[in-house]
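> Generate coordinates for the sequence data below:
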Amino acid sequence: MRDSDIDAVVRILKKEVRKWKVPIVGQVAERTRDPFQVLISCILSLRTQDGTTAAASERLFRVAKTPDALSRITARKIERLIYPVGFYRVKARNIREISRRLIESYDSKVPDEIDELLKLPGVGRKTANLVVIIGYNKYGICVDTHVHRITNRWGYVKTGSPEKTEFALREKLPRKHWKIINDLLVTYGQNLCRPIGPHCEDCRIYRYCDRVGLET
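From the prediction side, this is the model:
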């Protein structure tokens, strides 16, 4: 893919993804812009299906949806509320510890800077970028496995990990696309540009894609 193709590709993607269900992060954004709920929902979503994440978030926030309230709940109770999300025991401990640290170090407020967010347990670059984008409407680039895989498949970047992809995109992706690239490619990656057996015959951006790593 040529660098100059990206605007056309994003325009096509915006139209194409309307036919599919919004991924969980998009659902969170539609429901709330509260940085704390965004943060916790993102943590719950890691290695967990969207439907499971949505249900767990709803159960948890029905009981407590602020750092102060969550810090008063035992890790065991949080486990019961978020089960069966992936790694629910670890996530329950992290959620409680995050709540405690926010109270002690940040006046119960979620930081709006990536470097500060990364100091919280269980928070990686993907989650930190999402909180900055959704919770604070600031510029960030969230890169998960879909974004990493597809942008490399296009030939738009050539990187070996999601973190390297994020920094490569920060160098070349037009800033106007930063906030939306994750939602677009997660939806596209879940439904059409899959890891194995992508539906290239139905892809509206086929002519732009170098199909790196795929048999021709």
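> which residues sit in contact with Leu130?
Contacts of Leu130 were listed using C-beta atoms under 8 Å, 6 or more residues apart in numbering, and they are 25, 38, 42, 140, 142, 182. (Each C-beta comes from the backbone N, C-alpha and C, glycine too.)
> measure it to Ser41 for me?
9 Å (C-beta to C-beta, to the nearest Å).
> Also Leu169?
As judged by C-beta to C-beta, Leu169 and Ser41 stand 23 Å apart.
> more crowded one of these two?
Each of Leu169 and Ser41 had its neighbours counted (other C-beta atoms under 10 Å), and the higher figure belongs to Ser41 (28 against 21).
> so the more buried one touches Ala29, yeah?
No. Ser41 sits out of contact with Ala29 when judged by C-beta atoms under 8 Å, with a separation of 9.6 Å.
> circling back: possible to save the contacts of Leu130 as JSON lines with neighbour count, pLDDT and distance to Arg194?
Formatted as JSON lines, the contacts of Leu130 follow (neighbours: other C-beta atoms under 10 Å; pLDDT from 0 to 100; distance: C-beta to C-beta, whole Å):
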{"residue": "Val25", "neighbour count": "24", "pLDDT": "70", "distance to Arg194": "19"}
{"residue": "Val38", "neighbour count": "24", "pLDDT": "93", "distance to Arg194": "27"}
{"residue": "Cys42", "neighbour count": "26", "pLDDT": "92", "distance to Arg194": "23"}
{"residue": "Gly140", "neighbour count": "21", "pLDDT": "96", "distance to Arg194": "26"}
{"residue": "Cys142", "neighbour count": "27", "pLDDT": "94", "distance to Arg194": "20"}
{"residue": "Asn182", "neighbour count": "24", "pLDDT": "93", "distance to Arg194": "17"}
